[in-house]
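> no sequence on hand, only this structure:
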């Protein structure tokens, strides 16, 4: 019967009824019998088992995965609903399982790392990271995607730069002046820069000679000034009488 009390047609399987709280085969189940799924057949279908609702209702509810709490009327209502809807019977099928590949290891709870440890790890990761260097430094496997026109354009630019800025060897005018001062022969045609430096050195030499000549006059002037100062001091000071001689 359905939950509303109306009768329903139930197909009774051919052959013996499965054992285990089963009633003998009857032409039509009575109100005290409820059809429930039995053991599944090899083709995946369930066999029909008729159980007496007045037997161990709690064991039936537990066996079919139904709550076994409440009074007898509540358990009968659950069993009737489960018996009347065969779509709920699929919950009794064994789910697909797979073997565990490896034994689970023992995992220990790790404490939360300190803030200083996290900052240190971030600093070392940023300093040793090679991602920022890959875009700057060239590598051996870098493929040159330039065309021949671009490569030849660089050579033409280098030729124009060389023609615009020719190379001039460095000149050493100081070495030439030093050799001239030590009696070496002067160059036949000194450069303009060397002539300017030579004139500056000559001017410095003349200034040093003038200063030296003035310094040579300093001792005579100092002696004459000292003698004149001594004579003026003697003339300005009054004559003092001689000290009396004690008896």
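On my side now, so go ahead. Fair warning: this is a prediction, and the values are worked out from it, not measured in the lab. Residues are numbered from 1 along each chain as shown.

> tell me the mean pLDDT over stretch 149-167?
What stretch 149-167 shows for mean pLDDT is 87.

> worst-scoring helix or strand of the protein, pLDDT-wise?
The helix or strand of the chain with the poorest confidence is helix 173-181; it has a mean of 49 (mean pLDDT, DSSP states H and E).

> tell me the first helix or strand C-terminal of it.
Under the assignment DSSP states H and E, the closest C-terminal helix or strand after helix 173-181 is helix 192-216.

> avg pLDDT for that next one?
78.

> show me what it is packed up against.
Under the contact criterion of 3 or more CB pairs under 8 Å, 6 or more residues apart in numbering; DSSP states H and E, helix 192-216 touches helix 173-181. For glycine as for every other residue, the C-beta is placed from the backbone atoms N, C-alpha and C.

> quick one, domains of the protein?
Annotated domains of the chain cover 1-91, 173-185+194-212 [automatic domain parsing].

> so residue 39 lies in a strand, does it not?
Yes. Per DSSP: H, G, I helix; E, B strand; the rest coil, residue 39 lies within a strand segment.

> quick check, residue 48 in a strand?
Yes. The assignment for residue 48 is a strand, going by three-state DSSP.

> that one touches residue 37, doesn't it?
Yes. Here residue 48 reaches residue 37: they are 7.3 Å apart, a contact under CB atoms under 8 Å.

> shared neighbours of these two, which are they?
Common contacts of residue 48 and residue 37 (CB atoms under 8 Å, 6 or more residues apart in numbering): none found.

> and the pLDDT at residue 116?
91.

> return the distance of it relative to residue 109.
21 Å (CB to CB, to the nearest Å).

> so which of those two has more stuff around it?
Taking other CB atoms under 10 Å, residue 116 and residue 109 do not tie; residue 116 has more neighbours (8 against 4).

> wasn't that one part of a strand?
No. Applying three-state DSSP, one finds residue 116 to be helix, outside a strand.

> what residues are up against it?
Contacts of residue 116 (CB under 8 Å, 6+ apart): none.

> buried sites along the helix or strand that contains residue 156?
Here residue 156, judged by DSSP H and E, is contained in helix 148-164. Residues of helix 148-164 include none that count as buried (16 or more other CB atoms under 10 Å).

> counting by contacts, list what it packs against.
Checked by 3+ CB pairs under 8 Å, 6+ apart, helix 148-164 has no helix or strand packed alongside it.

> low pLDDT regions in this structure?
1-34, 50-56, 94-106, 126-142, 171-195, 219-247 (pLDDT under 70).

> please list all residues in contact with the closest residue to residue 72 other than its chain neighbours.
In this structure, residue 72 finds its nearest non-sequential neighbour in residue 57, 6.2 Å apart by CB to CB, 6 or more residues apart in numbering. Neighbouring residues of residue 57 by CB under 8 Å, 6+ apart: 68, 72, 75-76, 79.

> now residue 57: how far from residue 38?
18 Å.

> cool, residue 149 as well?
Taking CB to CB, one finds residue 149 at 86 Å from residue 38.

> again, but for residue 86
Distance of residue 86 to residue 38, computed by CB to CB: 13 Å.

> neighbour count: the two, which is higher?
Per other CB under 10 Å, whichever of residue 86 and residue 38 has more neighbours is residue 38, with 18 against 11.

> so that one is in contact with residue 46, correct?
Yes. At 6.2 Å, residue 38 counts as touching residue 46 under the criterion of CB under 8 Å.

> many thanks, I have nothing further to ask.
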